[in-house]
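A.B. asks: Build me a model from this:
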Amino acid sequence: MAIDDSQRATLPIPDQRSALPTVFDAKDSAAVFPPITRLRPPAGAPNVLIVMLDDVGFGASSAFGGPVPMPTAERLAAGGLRYNRFHTTALCSPTRAALLSGRNHHAVGMGGITEMATSAPGYSSVRPNSAQPMAEILRLNGYATAHFGKCHEVPQWETSPAGPFDRWPSPGNGFEEFYGFIGGETNQWYPALHHGTTPVDPPKTPEEGYHFTVDMTDHAITWIREQKALAPDKPFFTYFATGATHAPHHAPAEWAEKFRGQFDDGWDALREHTFAKQKELGAIGPDASLTQRPSEVPAWDDMPDDLKVVLRREAENYAGFLAHTDHEVGRLVDAIEELGELENTLVYYIIGDNGASAEGGLHGTFMAMVEPNGAGDVQTVDAMVERVDKWGGPESYPHYAVGWAHAFCTPYQWTKQVASHWGGTRNATIVHWPAGITAKGEFRSQFAHVIDVAPTVLEAAHLPVPRTVHGVTQEPMHGTSMSYTFDDGAVPERHATQYFEMVCNRGIYHQGWSAVTKHRTPWIFYGSVGALEDDVWELYDGNTDWTQAHDLASEQPEKLAQLQQLFTIEAAKYNVFPLDDRLLERLQPGIAGRPELLEGDTQILYPGMRSISEDNMINIKNRSHSVTAEVVVPAGGAEGVVIAQGGITGGWSLYLHEGRPSYAYNFVGYQLTKVKAAEVLPEGQHQLRMEFAYDGGGPGTGGAVTLYVDGDPVANGRVERTHFTSFNLDETNDVGRDAGTAVSDDYAATGNDFTGAIRWVEIVGGDDMHDHLVDPQHLHQAVMGRQ
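C.D. replies: Numbering: from 1, shown residues only. Next up is the predicted model:
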């Protein structure tokens, strides 16, 4: 039976029972039935491609006057529209949750990144079932749906192979296909990948030409071709969310080399040059002012001369990373065009999920976990200069300096995380849809927000926002369709009010005006940030001040008070309260109030277990612990990794090297400690054990390491410093191998699989450590206690 479009407000569309002929024999001429109708959206519904880049500031792309050539963005802009007042939430998980749901980020539980979720409703990382995502709405209306790249919206305790998978891209978030990574970032050379919910290895190595952005593009092209080859009348929704250009800034060397010497004058000169180009292009208002560099951001001329060779390479490498990403987006667009589908494909090219990232610190970093673990002293200028030729390659995990982040957000104040100012939230965006937009090559300056995308897509597809999905009444979408701007650049804006909040940097936009207050500085991880009540508010009239350059708070206190009250109203409406400026505390589930996958201090792992994130392992940092494995060494000996956690930016590994029991601890990629037995582990079954006796006296101190074989000590040593926050944000724990990058230089990043057999591995933390030899009955009881 044909689908009545009026039924689409209830999803899944209820099946309708038709009147059936009352005949006994199918050969009877009266045995005629309505044809089976395949589910499809209304006629004319376009394909949809949403491209979301990561951590790109407004002032980076050439399509908006920036220094990085992005010919794909320029091509789409020439055939479509450039939105120069489009906004995100200032951070990745919240922007993505808002984009996919059409609702404000706190209203769908994503007031921060998933790793910092709390039990407060606005910060839980749990999307309510009353806010079904756009992909599920499109799927239930007959779209083919796929997600490629980054997914940073899965609650941490649901990211393991144990699931549940209700909030994974596929099957829970409405995508029928997923190929990418779960989390905030990934190593572009050695990503931790999933196909659906199954962990998979990259198809080749960096030496063989592997890069994740290329890989995800290949998968997206293949999937779209399959859909159009097999079901040409069925439109697709492809969400293409690159890991680029989030740190680590991994650029193919030939792309970084294109920019050699182009940033030699430094970030202050870059701001001036970009600002002039933006005005010339019309990317900002003709009367816009270049905002002042905040005092917290150092001047280029004040940077040490011997560091500048590194700083210049940071920008060259980043520009190559971004240009390479645009090239891969171009390959995807070309593939759609070759299929004859680009004309009726609604493309959103959102150049950044927030402003450029200032999380690399004042000097930038070769290894990105240095600053979060308070190890800035080990990353000296000499150490970075020594590694400058490896910047961006497989041996690095780099990020650029704060000054570059600020420059790539030109002309605005501040950067990623700072939701109070446009540098954190205003992202260059292009909309291209030849079949639906007659205007070409024009700018649009109506205020828009990422929550406006889903209503726009549904309107373009002639689909209603559903009242119920899977029997649950839905929260109305909070965004405003942008389609009213498609063919009228002068029409008054309809998205009149929008609150902003991220780690207590907060503000309100209302009818051109904005009242804002910055509370926390992105690159300062530790120390007091002051009381919320002491935050100083600023007031800007966006009708005459495009860039928030002229603070009117002292001149118009009544207007400021009015907008502050409006912020309170909007924040209360959308679950923003209570405001929460904690950082390190929220990384600890027990303090934050979110669930942990594992409770207690003992964890049992078995052969084949892999891709277990750090948050789903018991925490062995800042305390004593042991790792015990029962292994079988075949005739001729064994080699390889028994268990490893982390990678080149930090972690530990228990392994056999040249047949000898070995343990390695990698501190932030700069200090590698190895403890090895003198004798080869002989043939047969053995218990291999590492005990770490923590020094105490605070977080991140060292400890004594002892290796045991069958209860007898065989080696000892010391680790002088340890991680006290995270080893890495993308590397995993693996049994029988060290996936991703290698913790130790005793083995390669690939081909390090254990050549013997592993029966089990037990990790014990703190006071639960037992004798040097594990009683199998103790192990059995530990396993049974979990059931």
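A.B. asks: Export stretch 550-562 to PDB, keeping only CA atoms.
C.D. replies: The C-alpha atoms that make up stretch 550-562 are tabulated as PDB, following Å, rounded to 0.1, in the frame of the first residue of the first chain:
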ATOM      1  CA  HIS A 550      34.000  47.200  21.400                       C
ATOM      2  CA  ASP A 551      32.700  46.300  24.900                       C
ATOM      3  CA  LEU A 552      29.700  48.500  25.900                       C
ATOM      4  CA  ALA A 553      29.100  47.000  29.300                       C
ATOM      5  CA  SER A 554      30.100  50.100  31.200                       C
ATOM      6  CA  GLU A 555      28.100  52.400  28.900                       C
ATOM      7  CA  GLN A 556      24.900  50.400  28.800                       C
ATOM      8  CA  PRO A 557      24.500  48.500  32.100                       C
ATOM      9  CA  GLU A 558      20.800  48.200  31.800                       C
ATOM     10  CA  LYS A 559      21.100  46.400  28.500                       C
ATOM     11  CA  LEU A 560      23.700  44.100  29.900                       C
ATOM     12  CA  ALA A 561      21.400  43.300  32.900                       C
ATOM     13  CA  GLN A 562      18.600  42.500  30.500                       C
END
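A.B. asks: So which bits of that stretch are buried?
C.D. replies: Within stretch 550-562, the residues that qualify as buried by neighbour count (16 or more other C-beta atoms under 10 Å) are Leu552, Ala553, Leu560. C-beta here means a position set from N, CA and C on the backbone, and glycine is covered the same way.
A.B. asks: One more: stretch 199-218?
C.D. replies: Using 16+ other C-beta under 10 Å as the burial criterion, the residues of stretch 199-218 that qualify are 199, 201-202, 205-206, 210-218.
A.B. asks: From the residues you listed, pick the one nearest Ile113.
C.D. replies: Closest approach between these and Ile113, by C-beta to C-beta: Phe212, at 20.1 Å.
A.B. asks: For that closest one, which residues are in contact?
C.D. replies: Under the criterion of C-beta atoms under 8 Å, 6 or more residues apart in numbering, the contact list for Phe212 reads Phe181, Thr186, Asn187, Gln188, Trp189, Pro191, Leu193, Pro202, Gly243.
A.B. asks: wait, doesn't the fifth one sit right on Glu208?
C.D. replies: No. With contact defined as C-beta atoms under 8 Å, Trp189 does not reach Glu208; the gap is 10.9 Å.
A.B. asks: so how far is the lengthiest strand in the chain off the chain centroid?
C.D. replies: Among the segments of the chain that qualify as a strand by DSSP state E, the longest is strand 684-694. Relative to its chain's centre, strand 684-694 lies at 36 Å (C-alpha atoms, centre = their mean, to the nearest Å).
A.B. asks: model confidence over that strand, on average?
C.D. replies: Computed over strand 684-694, the mean pLDDT rounds to 97.
A.B. asks: Sheet-wise, list the partners of the first helix or strand past it going along the chain with their directions.
C.D. replies: Once strand 684-694 ends, the next helix or strand along the chain (criterion: DSSP states H and E) is strand 703-709. Sheet neighbours of strand 703-709, with direction, are listed as strand 684-694 (antiparallel), strand 712-719 (antiparallel) (DSSP bridges).
A.B. asks: May I see the buried residues of the shortest one?
C.D. replies: Counting neighbours by 16+ other C-beta under 10 Å, one finds that the buried residues in strand 712-719 are Val714, Ala715, Val719.
A.B. asks: quick check, Gln562 in a helix?
C.D. replies: Yes. Under DSSP: H, G, I helix; E, B strand; the rest coil, Gln562 sits within a helix.
A.B. asks: That one: what's it in contact with?
C.D. replies: Contact criterion C-beta under 8 Å, 6+ apart gives no residues in contact with Gln562.
A.B. asks: That one and Pro466: what is the separation?
C.D. replies: 36 Å (C-beta to C-beta, to the nearest Å).
A.B. asks: What of Phe237?
C.D. replies: From Phe237 to Pro466 the distance is 16 Å (C-beta to C-beta).
A.B. asks: cool, and Val705?
C.D. replies: Where Pro466 is concerned, Val705 sits at a distance of 58 Å (C-beta to C-beta).
A.B. asks: Val385 now?
C.D. replies: For Val385, the distance to Pro466 under the criterion C-beta to C-beta works out to 58 Å.
A.B. asks: Next: Thr114.
C.D. replies: As it turns out, when the distance is counted by C-beta to C-beta, Thr114 lies 26 Å from Pro466.
A.B. asks: Just want to know which of these two has more residues nearby.
C.D. replies: Thr114 (29 against 22; other C-beta atoms under 10 Å).
A.B. asks: which residue sits closest to the more buried one, ignoring its sequence neighbours?
C.D. replies: Ser125 (4.4 Å; C-beta to C-beta, 6 or more residues apart in numbering).
A.B. asks: okay, that neighbour: pLDDT?
C.D. replies: 97.
A.B. asks: Tell me, how many residues neighbour it?
C.D. replies: 27.
A.B. asks: any idea how far it is from Leu11?
C.D. replies: For Ser125, the distance to Leu11 (C-beta to C-beta) stands at 24 Å.
A.B. asks: list the buried ones in stretch 756-765?
C.D. replies: Gly756, Ile758, Trp760, Val761, Glu762, Ile763, Val764, Gly765.
A.B. asks: Ignore what I typed, I meant stretch 243-259.
C.D. replies: By neighbour count, and taking 16+ other C-beta under 10 Å as the criterion, the buried residues in stretch 243-259 are 243-252, 255-256, 259.
A.B. asks: For those, give me CSV that also has distance to Leu579, secondary structure and pLDDT.
C.D. replies: Listed next are these as CSV, based on distance: C-beta to C-beta, whole Å; DSSP: H, G, I helix; E, B strand; the rest coil; pLDDT from 0 to 100:
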residue, distance to Leu579, secondary structure, pLDDT
Gly243, 30, coil, 98
Ala244, 32, coil, 98
Thr245, 30, coil, 97
His246, 26, coil, 98
Ala247, 27, coil, 97
Pro248, 31, coil, 98
His249, 32, coil, 98
His250, 35, coil, 98
Ala251, 38, coil, 98
Pro252, 42, coil, 98
Trp255, 41, helix, 98
Ala256, 40, helix, 98
Phe259, 41, coil, 98
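A.B. asks: would you turn the residues you listed into TSV with distance to Gly512?
C.D. replies: As requested, those are arranged in TSV below (distance: C-beta to C-beta, whole Å):
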residue	distance to Gly512
Gly243	36
Ala244	34
Thr245	31
His246	32
Ala247	35
Pro248	39
His249	36
His250	40
Ala251	39
Pro252	43
Trp255	40
Ala256	41
Phe259	37
